[in-house]
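**Student:** could you work out the structure for the sequence below:
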Amino acid sequence: MKNILSSVFLGLFARVVSGADIPRESGADIPREIGERQIQLVSTITCPAGTSYIYALASPIPDSIASQLATALPAVPTSTPSGFQSAGGVPSTTAEIALISALDSGCDTPGFRNIGYFGTWFVYDRQFKPSDLIVSQWTHLLVGFWNIGAGRQIYPTDPWSDLEMKTLGDASDQPGAVNGVFEQVFRLKNENRNLKVMLSIGGWEATRQGAWANALGTPELRLASQSLLLKLSLIWGWTDWEYPRNKAETIMHADSVRFLRQELDTIQSVLGAERKLLLSMAAPVGPHYIKMVNIAELNNYLDFFSLMGYDMGGSFSKVATHAAPFFMATDGSTEFCLADGLEMYLAAGVPAEKINVLGPIYGHSFAGTDGPGKPFTGPGYSLWGDPNGVPDYNSIPIGGDNVVFEDEKIMASWTYNSQTREMISFDTPRIVELKTKYIMSRTIGGIGFWAINADKWTYAENLVNTALTVLGGTSVLEQVNNHLGYSSSKYPNIRVYDGIKSGSGKILV
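**Tutor:** Now for the predicted structure:
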């Protein structure tokens, strides 16, 4: 474990990925009171392509659904298991805390959050590294994945890319220095104080393998896990439990977050951080899984909820399905939608300013289909060896036989090739404009995107820039300094910033 006492990034990230043994969110789980609701025209927005129309839900979530969220879940135990010290106790030595090399803090502040996700594997085939980021676009960067083992070990999925790789540019050759993605990210934090960095642990693979239940299945294990993290000088932000699937897992989930909040508050006191340390979760939008998350309890501990507005359709679906719709369609091409999920969090008491709406910078493809809502034969065009038909946004073929369609009413877009009979569901700049305008109308606190590497690097086509332009530009983003200063870190290039610049990032043309 010594080789992973490294730059530590607090936070949460998850992306839903199809898995045969993971139950999927399904249209069959949508309560009738939600599925039969109508949307109506409320305003217009001027896009480069012309005037577009903004639709909204005609009514909020019915009281019957809101009451289910408040009463259907069991209470989270508040007592500490016998034989254990309080999870909020002071760590055994200040030196253990001093090993922490990258911990960020935040609070409720004016301005929008914009959260970007960076997979450390992007440095391989995609050849995208942290120094390629347009840092001014982001308030928070979520980096991952790290894993949790059955013995509650926290470790990087790929130590080489995360901690050791020296080919990313200007790698430190000091004895004992950390390299790889974490070295570059730490430099970015020093040069751009508004960039908060958070670690992503687990995700769908951890759930598929049963890692969460194995590590956190009892109150004693949950409490021991939090204390173990302190002893390893690793601060564990919550990740995606995709998803709690029964009442027992609901309790495990919420209780673990409660223990973690206690530990973070202790760390804040020890470090003397100006603001409380950030804790968030990537949250489902499908009604069935939302009802398995104890939103009201989690709202006591989380700084924000990031709603995963993607993967609502794909090769796991029964028909060619829109992957990121804001509203339900009437032709069977949507299984569930972002707007209804959003309303359920609001109905459960989450303030709008604590919610981020995440969007995709990638698509889902369907082969052998006649279009949305129609049967398909399997995954279509993909990239990087992904067998599930998930291409990056910047690789999706457009033009010629690949015709782009945009449905402004449900806020979804796709390409269709009548010659190959392939459909790709993805977000165009026009759809991103409409979604962002709707988010603003609901006074939502932030936006976010998976994944940074897959964008296009022109002003007209960059999806992140499109959303920021609607918000009002980077000047309207939250302005909160990150946490720096790790004089006792084991890494010399973390103890003292080496002054090597990370570069200016991609340039939009």
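**Student:** which ones are touching Tyr124?
**Tutor:** Ser161 (C-beta atoms under 8 Å, 6 or more residues apart in numbering). Glycine gets a C-beta too; all of them are placed from N, C-alpha and C.
**Student:** roughly how far is the longest helix anywhere in the chain from the heart of the chain?
**Tutor:** Using DSSP state H, we find that the single longest helix of the chain is helix 247-271. Its chain's C-alpha centre and that of helix 247-271 lie 19 Å apart, by C-alpha atoms, centre = their mean, to the nearest Å.
**Student:** quick check: mean pLDDT across it?
**Tutor:** If you average the pLDDT over helix 247-271, you get 76.
**Student:** so where's this protein uncertain?
**Tutor:** Applying pLDDT under 70 to the chain picks out residues 1-37, 48-49, 60-109, 148-154, 202-243, 270-273, 485-488.
**Student:** going on from the longest helix of the chain, what's the next piece of helix or strand?
**Tutor:** Following helix 247-271 in sequence order, the next helix or strand is strand 280-283 (DSSP states H and E).
**Student:** in the longest helix of the chain, what counts as buried?
**Tutor:** 249-264, 266-268, 271 (16 or more other C-beta atoms under 10 Å).
**Student:** next: stretch 114-124.
**Tutor:** Judged by neighbour count using 16+ other C-beta under 10 Å, the buried positions of stretch 114-124 are 114-123.
**Student:** so which of the residues you listed comes closest to Pro287?
**Tutor:** Nearest to Pro287, judged by C-beta to C-beta, of these is Ile115 at 23.6 Å.
**Student:** quick one, helices of the stretch 351-500 of the chain?
**Tutor:** 429-441, 463-471, 492-495 (DSSP state H, counting those that start in this stretch).
**Student:** buried residues of the first one, list them for me.
**Tutor:** When you say that, I think you mean helix 429-441. Neighbour-count burial for helix 429-441 flags 429-439 (criterion: 16+ other C-beta under 10 Å).
**Student:** again with the second one
**Tutor:** By neighbour count with 16+ other C-beta under 10 Å, helix 463-471 contains the buried residues 463-471.
**Student:** between that helix and helix 429-441, how big is the angle?
**Tutor:** With axes from the mean of the first three to the mean of the last three C-alpha atoms, to 10 degrees applied, the angle from helix 463-471 to helix 429-441 works out at 40 degrees.
**Student:** how about residues contacting helix 463-471?
**Tutor:** Against helix 463-471 from outside (C-beta under 8 Å, 6+ apart): 45, 112, 114, 116, 134, 137, 359, 361, 393, 427, 429, 432-433, 435-437, 440, 447, 449, 452, 455-456, 459, 474, 477, 508.
**Student:** so which of the residues you listed are in strands?
**Tutor:** Those of the contacts of helix 463-471 mapping onto strands are 45, 114, 116, 359, 447, 449, per DSSP state E.
**Student:** got JSON lines for those residues, with distance to Ala296 too?
**Tutor:** Listed next are the ones in strands among the contacts of helix 463-471 as JSON lines, based on distance: C-beta to C-beta, whole Å:
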{"residue": "Ile45", "distance to Ala296": "34"}
{"residue": "Asn114", "distance to Ala296": "27"}
{"residue": "Gly116", "distance to Ala296": "29"}
{"residue": "Gly359", "distance to Ala296": "26"}
{"residue": "Ile447", "distance to Ala296": "24"}
{"residue": "Phe449", "distance to Ala296": "28"}
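**Student:** check those residues and tell me the two furthest apart.
**Tutor:** The most widely separated members of those, counting by C-beta to C-beta, are Ile45 and Gly116 (24.0 Å).
**Student:** so who does Gly380 touch?
**Tutor:** By C-beta under 8 Å, 6+ apart, the contact set of Gly380 is 365-367, 389, 422-424.
**Student:** 10 Å instead?
**Tutor:** Gly380 makes contact with 315, 320, 363-369, 389-391, 417, 420-424, according to C-beta atoms under 10 Å, 6 or more residues apart in numbering.
**Student:** cool, and His322?
**Tutor:** By C-beta under 10 Å, 6+ apart, His322 lies in contact with 312-313, 328-329, 331, 333-335, 337, 364, 372-373, 407, 410-414, 423, 425-426.
**Student:** wasn't it part of a strand?
**Tutor:** No: per DSSP: H, G, I helix; E, B strand; the rest coil, His322 lies outside any strand segment and is coil.
**Student:** for it, which non-adjacent residue is spatially closest?
**Tutor:** Spatial nearest neighbour of His322, chain neighbours left out: Ala412 (4.2 Å); criterion: C-beta to C-beta, 6 or more residues apart in numbering.
**Student:** again with Trp450
**Tutor:** Going by C-beta to C-beta, 6+ apart, Trp450 has Tyr117 as its nearest residue, at 4.5 Å.
**Student:** now do Leu434
**Tutor:** Leaving aside its sequence neighbours, Leu434 sits nearest to Met411 (C-beta to C-beta, 6+ apart; 5.2 Å).
**Student:** close enough to count as contact, that neighbour and Met312?
**Tutor:** No: with contacts counted by C-beta atoms under 10 Å, Met411 stays clear of Met312, the gap being 12.0 Å.
**Student:** which neighbours do these two have in common?
**Tutor:** What both Met411 and Met312 touch, as defined by C-beta under 10 Å, 6+ apart, is the set 322, 324-325, 337-338.
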